[in-house]
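*Asks:* okay, here's the prediction I keep looking at, along with the sequence it came from:
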Amino acid sequence: MMPLQTTHNAPVGPPTGRLRGLLSAPATPFLAPAVIYLALLTLFPFIYNLVLSTTRLNLARPGQGGFVGIDNYVTLFGSDLFRIAILQTAQVAAGSITLELILGFLIARLFFAVRDVNGSSLLRTIYILPMMLTPVVSGLLWSYILNPTLGIANYLLESIGLSGFAWFSSGRTALITIIAVNSWQWGPFLMLLILAGLLSIPSEQYEAAAIDGARWYHVVRWIELPAIRDVLLIGLILRLIDNFRLFDIVYATTKGGPGTATEVVSMFAFRQVFQFFNIGYGAAASVVILVMGVLLTTFAVRFLRREETRVR
């Protein structure tokens, strides 16, 4: 009878395998291009912008630039225009996300109901076409459609006896129109997420609900919403971040006008740098926007993780 062989735990030594390969000198030339590229693309512009934010650099007054410390930030937080821009950014985000969520759920529910009907795939493809456009193209498209004199929207309204609107030219309707255009382009994103969540629900749950005599709102409340909850939270967080950095549609349609009626935070920073040539002040605004975006993202991610932990 052969004696049993015992095994001993290997002593803890230096990193082995993949980690050792990454830490070894021969791997350095392969990692260096990516590290240098990321540093030049992100780290250097950020540091340079941070340095600019502490100066009074103005291209219209080249001889007056100098170090001012945090004066630009003090002026920025005391600016009524910047506070208005933050408030209007929040309004655009709240309005867009609410509209996209309601329409996205209703349309996803409709596509889910006709998922076995011939042609439903074609309808879904047509519905998500706005997502494939760049925001600038989307903004230009709607600026032509809603043009107060040459646009087809007012022409159709006037053809049925209604008066046209100054969609982007009136302070009362400009921000609402921006929200509508933004929701038109990115509403299909939430619809796709919701539809994917609905398609993942086992058919047995619907059959059991039908046997129990559950009405449609019972199905939505107790079956569909819990099933798509996590996907919905991720979509809402992504759309919140996207709305916070909204720029293209505003620039293509109103450029922040009329007056400051549609000026969001990214448009505020753009005006300071490229319209008023106030480089230092605009750099400070961009740093504040970046910090606010990072804080918003961190809060959203922690909230999502906390919710996942609570559900588990």
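*Replies:* Okay, I see it. What you see is a predicted model, and the numbers here were worked out from it, not measured in a lab. Numbering: from 1, shown residues only.

*Asks:* only C-alpha atoms for contact and neighbour calcs from this point on.
*Replies:* Noted.

*Asks:* sec struct for the closest residue to S121 other than its chain neighbours, please.
*Replies:* Spatial nearest neighbour of S121, excluding adjacent residues (C-alpha to C-alpha, 6 or more residues apart in numbering): R115 at 7.7 Å. Recorded secondary structure, R115: coil (DSSP: H, G, I helix; E, B strand; the rest coil).

*Asks:* ok, R115 to D230 distance?
*Replies:* Separation of R115 from D230 (C-alpha to C-alpha, to the nearest Å) stands at 22 Å.

*Asks:* residues near I178, how many?
*Replies:* Neighbourhood size, I178 [other C-alpha atoms under 10 Å]: 23.

*Asks:* all helices of the stretch 51-200 of the chain, in order?
*Replies:* 71-77, 80-113, 120-127, 135-145, 152-159, 174-199 (DSSP state H, counting those that start in this stretch).

*Asks:* helices and strands around the second one, which ones?
*Replies:* Counting contacts by 3 or more C-alpha pairs under 8 Å, 6 or more residues apart in numbering; DSSP states H and E, the secondary-structure elements packed against helix 80-113 are helix 174-199, helix 225-244, helix 265-270.

*Asks:* read off the pLDDT value for Y37.
*Replies:* What the model reports as pLDDT for Y37 is 86.

*Asks:* for L31, see how far away it is.
*Replies:* In terms of C-alpha to C-alpha, Y37 sits 10 Å off from L31.

*Asks:* swap in T298?
*Replies:* 28 Å.

*Asks:* what do you get for L162?
*Replies:* For L162 relative to L31 (C-alpha to C-alpha), the value is 64 Å.

*Asks:* now V250. Nearest residue, chain neighbours left out?
*Replies:* G256 (6.2 Å).

*Asks:* does that neighbour count as helix, strand or coil?
*Replies:* Applying three-state DSSP: G256 is coil.

*Asks:* tell me the phi and psi of it?
*Replies:* Backbone torsions of G256, given as degrees, to the nearest 10, read phi 90, psi -10.

*Asks:* that one reaches S266, doesn't it?
*Replies:* No - contact criterion C-alpha atoms under 8 Å: G256 and S266 do not qualify, at 9.9 Å.

*Asks:* hmm, back to that, let me have the helices of the stretch 51-200 of the chain in TSV, extended by mean pLDDT.
*Replies:* Output for the helices of the stretch 51-200 of the chain, formatted as TSV (pLDDT from 0 to 100):
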stretch	mean pLDDT
helix 71-77	93
helix 80-113	93
helix 120-127	90
helix 135-145	94
helix 152-159	92
helix 174-199	94
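
*Asks:* just those: most buried one?
*Replies:* Ranked by mean neighbour count under mean count of other C-alpha atoms under 10 Å, those are led by helix 174-199, which reaches a mean of 22.

*Asks:* now that one against helix 120-127, angle please.
*Replies:* 150 degrees (axes from the mean of the first three to the mean of the last three C-alpha atoms, to 10 degrees).

*Asks:* quick one, grab the pLDDT at the most centrally placed residue in the chain.
*Replies:* Centroid-nearest residue in the chain: D242, 1.4 Å away (criterion: C-alpha atoms, centre = their mean). Per-residue confidence (pLDDT) for D242: 89.

*Asks:* give the contact list for V287.
*Replies:* 49-50, 53 (C-alpha atoms under 8 Å, 6 or more residues apart in numbering).

*Asks:* got the angle between the host helix or strand of it and helix 225-244?
*Replies:* V287 belongs to helix 279-311 when assigned by DSSP states H and E. If you take the same axes, to 10 degrees, helix 279-311 sits at 170 degrees to helix 225-244.
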